[in-house]
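Engineer: Task: produce atomic coordinates for the following.
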Amino acid sequence: MTPARAREHVTRPRPVEDLVVGRATSDGAGVDLIRVLSQDLQQRLDPFLLLDAFGSDDPEDYIAGFPDHPHRGFETVTYMLAGRMRHQDSAGHDGLLEPGGVQWMMAGRGVIHSEMPEQQEGRLEGFQLWLNLSAKDKMRSPWYRNIQRRQIPEFVTPEGVTVRVIAGSSHEVTGALRRPTTDPLYLDVHLPAGARFAQALPAQSNAFVYVYRGDLSIGTRAVARQHLAILANDPGCDGVVVRAETSARALLIAGRPLHEPIARYGPFVMNSQEEIVRAITDFREGRFAEP
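Structural biologist: Next up, the predicted model:
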């Protein structure tokens, strides 16, 4: 871990446009989770389609995992805080996701994968983010990368804020991964009580903050645990400033919108209903398992 190389200059911070409370649900074979970013926000937060937060000390809440299921047309980003999860897919990829690590998978034209807990007890906690692909990339070959904890750059600001840079760039620290079309920024920010953190953001990017420990404030708005703050796209704003009321942890996520039609049906995200029908047909006829 290194000191921050430079300060981010934010002269006019973005305010909070809206606060969203995560909703309890289940997915996979019965994994309990909080759905934070749901389908009704996917246009507003383009290119992001979904954010789920999962976390439990009770194996009954997670042990069934996420058995084989298909995806087409987007990327999944799974970030683990605690526990171990095994990824396997029809493109031949296999990886063990451990605490602090990230699994980044581009489903592209189609992949069948599973994410199964590799533990019988203890805490399993993390997040899964869905990132849309542009129309030109939706039918590319599937791609996968398993990023270990030590491969994710971290820095500490003079105020003692620890930042893990999963994607994008912050304070002149380049993250573990960059994606050129949507240019996502994905930060895990750990703030001691009373600390402040500033991050510059491109004017065209959609951005949000999800608090998963403690409480934050953004401008005049308090943001409590398990709340997502949508940051306004006000002209002239050049970033965001968050302050910790208590010791807090939050995800700061931003990306360049695609401004393309979104057709979504379950695990398929395309640009038209015709493409959705084709995805369903291809899956039923076994084409997702083809190399």
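
Engineer: which ones are touching the closest residue to residue 133 other than its chain neighbours?
Structural biologist: Counting by CB to CB, 6 or more residues apart in numbering, residue 74 is the residue found nearest to residue 133 once chain neighbours are left out, at 5.3 Å. All C-beta atoms are positioned from the backbone trio N, CA, C, and that covers glycine. Residues counted as contacts of residue 74 (CB atoms under 8 Å, 6 or more residues apart in numbering) are 49, 107, 130-133, 138, 269.

Engineer: Pipe the residues you listed into TSV and attach distance to residue 168, pLDDT and neighbour count per row.
Structural biologist: Shown next, in TSV, are the contacts of residue 74 (distance: CB to CB, whole Å; pLDDT from 0 to 100; neighbours: other CB atoms under 10 Å):
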residue	distance to residue 168	pLDDT	neighbour count
49	18	98	23
107	21	96	28
130	17	98	22
131	12	98	23
132	16	98	26
133	17	98	25
138	22	97	23
269	22	98	27
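
Engineer: quick one on the thing from earlier: next one: phi and psi at the residue nearest to residue 133?
Structural biologist: In terms of degrees, to the nearest 10, the main-chain angles of residue 74 are phi -160, psi -180.

Engineer: So which residues of this structure form helices?
Structural biologist: For the chain, the helices defined by DSSP state H occupy 273-284.

Engineer: Tell me which residue is most central in it.
Structural biologist: Nearest residue to the geometric centre of the chain (CA atoms, centre = their mean): residue 129, 3.2 Å.

Engineer: what residues are up against the nearest residue to residue 28 once chain neighbours are set aside?
Structural biologist: Nearest residue to residue 28, sequence neighbours excluded (CB to CB, 6+ apart): residue 66, at 3.6 Å. Residue 66 sits next to 27-29, 31, 114-116 when contact means CB under 8 Å, 6+ apart.

Engineer: Among those residues, the buried ones, what's the ChimeraX command?
Structural biologist: Entered in ChimeraX, the line below selects the buried ones among the contacts of residue 66, by 16 or more other CB atoms under 10 Å:
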select :28,31,114,115,116
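
Engineer: In a markdown table: the contacts of residue 66, plus pLDDT and distance to residue 149.
Structural biologist: Output for the contacts of residue 66, formatted as a markdown table (pLDDT from 0 to 100; distance: CB to CB, whole Å):
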| residue | pLDDT | distance to residue 149 |
| --- | --- | --- |
| 27 | 90 | 25 |
| 28 | 88 | 24 |
| 29 | 86 | 27 |
| 31 | 91 | 22 |
| 114 | 94 | 22 |
| 115 | 95 | 18 |
| 116 | 95 | 20 |
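
Engineer: Can you pick out the ones from the contacts of residue 66 that are in strands?
Structural biologist: Judged by DSSP state E, the subset of these located in strands is 27, 31, 114-116.

Engineer: residue ranges with poor pLDDT in the protein?
Structural biologist: 1, 4-6, 289-291 (pLDDT under 70).

Engineer: Of the ones in strands among the contacts of residue 66, which is the nearest to residue 60?
Structural biologist: Residue 60 has its nearest neighbour among the ones in strands among the contacts of residue 66 in residue 31, at 10.3 Å by CB to CB.

Engineer: Tell me if I'm right that that closest one and residue 62 touch.
Structural biologist: Yes - between residue 31 and residue 62 there is a contact at 5.2 Å, judged by CB atoms under 8 Å.

Engineer: Next, show the common contact partners of the two.
Structural biologist: residue 54.

Engineer: if we can go back for a sec, show me what the residue nearest to residue 28 is bridged to.
Structural biologist: Under DSSP bridges, the beta-bridge partners of residue 66 are residue 115.
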